[in-house]
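Undergrad: Let me see the structure of the following:
(one chain, ligands or ions: 1)
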Amino acid sequence: MEKLRVVELFAGVGGFRLGLEGWKGKSASSNYKKKLDSNYQVVWSNQWEPSSKREGKLQEANSVYHLRWPDTDGSVHFPEDISKKVAPEMTSKEVSENIPDHDLLVGGFPCQDYSVAGVNTKGLEGKKGVLWWNIHKILEVKKPKYVFLENVDRLLKTPTNDRGRDFAIMLATMRDLGYTVEWRVINAADYGMPQRRRRVYILAYHSKSAIKVKDAKEWMLTNGLMASAFPIIQKGGIVEFELNQSPAEITKKFGEGKFFDAGIMKDGLVKMCSYDAGISVEEYKKYSAEYRVLRDVLIDEKDVPSSFIVDGNKPLKQPLERIFLDGFPVDERLDRKGNVVQLTTELHKWVYLKGKKAEERTSSKGVFYYKEGPMNLTDSLELPSRTIITSEGGPGASRFKHLIELQPNVYRRLVPEELERLNMFPTGHTEKGKAGEAEVKIPDAKRAFFMGNALVVGIIEKVGLELNRRVK
Ligand SMILES: C[S@@+](CC[C@H](N)C(=O)[O-])C[C@H]1O[C@@H](n2cnc3c(N)ncnc32)[C@H](O)[C@@H]1O
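TA: Residues are numbered from 1 along each chain as shown. You can find the predicted model right below:
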C-alpha cells in the first residue's frame with residue numbers, strides 16, 4: 001500500500017513526525033528499540049519562530065529539523081512563516097501550488113483567539129495573524145482526508161467571557177468543510193507515559209475518506225479511533241447539542257459553555273462527556289515500555305554537568321531580603337529576622353520561590369501582600385513528572401522548573417536528555433542542528449524550550465497506528 005502523505009505544520013522539532021514515522025524505523029513506545037510499522041511519509045513540513053532574531057533556516061528548531069530530516073525529493077522543510085505559503089487572503093490556486101497534496105495534515109498550533117473578523121463576498125474572513133485561519137485555508141483548498149491537531153486543553157474553555165466559543169468556531173468551520181471531528185483531552189501519564197501533560201488532540205475525517213462514523217456515541221466511547229487507541233470509561237452523563245450556527249454567528253455569541261474532555265461532532269451534532277482513563281497498570285507497557293516515572297529517565301549522575309547542580313551550601317554573592325506579612329509562617333530552611341526573610345544561598349532562592357508566601361510588594365496604589373501557595377521543593381522520582389514548560393531551561397532558580405534530590409541536600413535540575421525522554425523523543429534528538437553545511441550545538445536552554453513546546457510522542461504513535469489500521 002502507498003504511504004499516507006503527511007504535511008506537518010508548526011513542526012517545532014518534529015514530535016508529530018517521530019510519532020508517525022518513528023525514528024530510524026523504531027517506535028517511541030519501545031524507546032526506539034523495536035520496529036514501528038509506519039505507513040506515513042512527511043512530504044512537507046514547516047516551522048518558524050516569530051520572536052527569534054535569526055533567519056528561518058538558521059533558527060534553532062529549524063536547524064534541528066534539517067539535521068534530523070534533510071530535504072529529499074519527496075520531503076521538503078520550509079523554514080519560514082507559514083503565511084508566506086498559505087494565508088486566508090491568498091487565492092486557492094496559489095495555495096494549491098504552494099502546499100503539496102497530502103492525506104493527513106498534522107500540527108500543534110499556537111493557541112490564539114479564533115474569532116471571525118467578518119464575512120465578505122469570498123466567504124469567511126478570519127483575523128489576520130491568527131494561525132487557525134492558515135490551517136483552515138489548507139483544509140478548504142487541499143481537503144486532506146484526515147487532520148490531526150494538538151493544542152493546550154484551555155482551547156476547550158476559551159475565551160472566559162463566552163466559554164467554548166473558540167473551539168466551537170473551529171468545529172463549525174470544519175463541519176462546513178465536510179469533516180466529522182472527534183477530540184480528546186489526554187494526560188499522557190494516565191496511559192503510562194512519563195509526563196503529566198494534558199493536551200487536547202483533535203482528529204477530523206473528511207466525508208470522502210475511508211473512515212465512516214456510523215454511531216457517534218459508540219465511536220466516542222468504545223469503537224472509534226481515539227477510543228481504541230486510548231480506551232475510556234465514561235464519567236457522568238453525555239451532553240448533546242446542535243452546533244448549527246455559522247462561525248460568524250458563534251463569534252457574536254456561542255453560549256453553550258466549555259467543551260468536555262471527550263467529544264465528537266458529526267453533521268453538526270455534538271456529543272461529549274467526561275471520562276476516566278480505561279486501562280489497567282498492566283497495560284502501561286504498551287504505551288511506554290521503559291519510561292514511566294521520573295526516576296526511569298535519569299541519566300548517569302557522573303554525566304550530569306556541574307551547571308545543573310544546585311549546591312545547598314553555596315552562598316549567594318549578594319544575599320537577598322524579602323519582607324513577609326507579620327507572623328506569616330516561613331519555611332524552616334530560610335533565615336528569618338522578624339518579618340524579614342533572608343536568602344543567603346542559591347538553594348534558598350528555590351525554597352523561597354516554590355514556597356508559600358505572603359510577601360510585601362509595592363504598586364502605584366501602595367503596599368500590598370503577594371500571596372502564593374506552596375509547591376514541593378523537589379519533584380518525586382516515583383511519579384510521572386510535572387509538565388515541562390518552555391522556561392524549564394537555564395540555571396536561575398524558579399518556581400516551575402523541576403528540581404530533584406538524589407542525595408541528602410544535593411539538588412539538581414533536569415538535563416536536556418531527561419526532558420527529551422519525558423516527551424518520549426529519542427535521547428539527544430535536539431543536541432545538534434545544521435546551519436548551512438555546519439553542524440551546530442544547540443544551547444541547553446533552547447533544548448529545554450523545545451521540550452516545553454513539544455508533545456508526548458507516544459500519543460501520536462498510538463493514534464497513527466490506529467488510523468493506519470483503519471484505512472489500510
Ligand atoms: C506548540 S509548538 C509545536 C511543537 C511541535 N509539535 C514539536 O513537537 O516540537 C508550535 C510551533 O509553531 C511555531 N510557529 C509559530 N508561529 C508560526 C508561523 N507563523 N509559521 C510557522 N511556525 C510557527 C512555533 O515556533 C512553535 O515551534
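
Undergrad: from here on, contacts and neighbour counts on C-alpha atoms
TA: Fine.

Undergrad: Note down every partner strand of the strand of greatest length in the chain and its orientation.
TA: Across the chain, the longest stretch assigned as strand under DSSP state E is strand 232-242. Strand partners for strand 232-242, identified by DSSP bridges, are recorded as strand 269-277 (antiparallel).

Undergrad: And what about Glu97, helix, strand or coil?
TA: helix (DSSP: H, G, I helix; E, B strand; the rest coil).

Undergrad: before we move on, the earlier item: what pLDDT, on average, does the longest strand of the chain get?
TA: Averaging pLDDT along strand 232-242 yields 98.

Undergrad: And for stretch 187-204?
TA: 98.

Undergrad: And stretch 50-65, by the same measure?
TA: Mean predicted confidence for stretch 50-65 is 93.

Undergrad: Quick one: end-to-end length of that stretch, please.
TA: Taking CA to CA, to the nearest Å, the first and last residues of stretch 50-65 lie 17 Å apart.

Undergrad: same question, stretch 33-44
TA: Note: stretch 33-44 ends 27 Å apart using CA to CA.

Undergrad: And stretch 236-255, by the same measure?
TA: Start and end residues of stretch 236-255 are separated by 21 Å (CA to CA).

Undergrad: Give me the distance from stretch 155-162 to the chain's centre.
TA: 18 Å (CA atoms, centre = their mean, to the nearest Å).

Undergrad: just stretch 40-55 next, same as before
TA: 16 Å.

Undergrad: Kindly report the residues of the stretch 201-350 of the chain close to the ligand.
TA: For the stretch 201-350 of the chain, the contact set with the ligand under CA under 6 Å from any ligand atom is empty.

Undergrad: residue in the stretch 201-350 of the chain nearest to the ligand?
TA: Closest residue of the stretch 201-350 of the chain to the ligand, CA to the nearest ligand atom: Tyr201 (11.5 Å).

Undergrad: wait, isn't that residue in contact with Asn187?
TA: No: here Tyr201 does not reach Asn187: they are 10.5 Å apart, not a contact under CA atoms under 8 Å.

Undergrad: who are the neighbours in contact with Glu301?
TA: By CA atoms under 8 Å, 6 or more residues apart in numbering, the contact list for Glu301 is empty.

Undergrad: who's in contact with the longest strand of the chain?
TA: Contacts of strand 232-242 (CA under 8 Å, 6+ apart): 221-222, 268-279.

Undergrad: Swap in 6 Å and give it another go.
TA: Strand 232-242 has contacts (CA atoms under 6 Å, 6 or more residues apart in numbering) with Gly268, Leu269, Val270, Lys271, Met272, Cys273, Ser274, Tyr275, Asp276, Ala277, Gly278.

Undergrad: pLDDT wise, what is the residue of the stretch 251-400 of the chain found nearest the ligand at?
TA: The nearest approach of the stretch 251-400 of the chain to the ligand comes at Thr390, 10.0 Å away (CA to the nearest ligand atom). Listed pLDDT for Thr390 reads 93.

Undergrad: Could you do His429 as well?
TA: On the pLDDT scale, His429 is placed at 98.

Undergrad: Give me the buried positions along stretch 170-190.
TA: 170-175, 177-190 (16 or more other CA atoms under 10 Å).

Undergrad: pLDDT score assigned to the residue nearest to Arg399 when sequence neighbours are not counted?
TA: Ranked by CA to CA, 6 or more residues apart in numbering and with sequence neighbours excluded, the top spatial neighbour of Arg399 is Lys354, at 4.6 Å. What the model reports for Lys354 is a pLDDT of 96.

Undergrad: rewinding a little: and for the residue of the stretch 251-400 of the chain closest to the ligand, the neighbour number?
TA: Applying other CA atoms under 10 Å, we find 17 residues neighbouring Thr390.

Undergrad: Tell me where the model's unsure across the protein.
TA: Applying pLDDT under 70 to the chain flags residues 1, 112-129.

Undergrad: Please give the centre-to-centre distance between the longest helix along it and its chain.
TA: If you go by DSSP state H, the chain has its longest helix at helix 457-471. Distance, stretch centre to chain centre, for helix 457-471: 17 Å (CA atoms, centre = their mean).

Undergrad: what comes up buried for it?
TA: For helix 457-471, by 16+ other CA under 10 Å, it's Val457, Gly458, Ile459, Ile460, Glu461, Lys462, Val463, Gly464, Leu465, Glu466, Leu467, Asn468.

Undergrad: ok, now stretch 33-52?
TA: Going by 16+ other CA under 10 Å, stretch 33-52 has these buried residues: 36, 38-49.

Undergrad: Among the residues you listed, name the ones in helices.
TA: Among the buried residues of stretch 33-52, no member falls in helices (DSSP H).

Undergrad: filter those residues down to the ones close to the ligand.
TA: Asn46, Gln47, Trp48, Glu49.

Undergrad: tell me the strands in the stretch 151-300 of the chain, going along the chain?
TA: Secondary structure of the stretch 151-300 of the chain (DSSP state E, counting those that start in this stretch): strands at 179-187, 198-206, 232-242, 262-266, 269-277.

Undergrad: Can you check what angle separates the longest one from strand 262-266?
TA: Pointing back at strand 232-242 there. Here strand 232-242 runs at an angle of 40 degrees relative to strand 262-266 (axes from the mean of the first three to the mean of the last three CA atoms, to 10 degrees).
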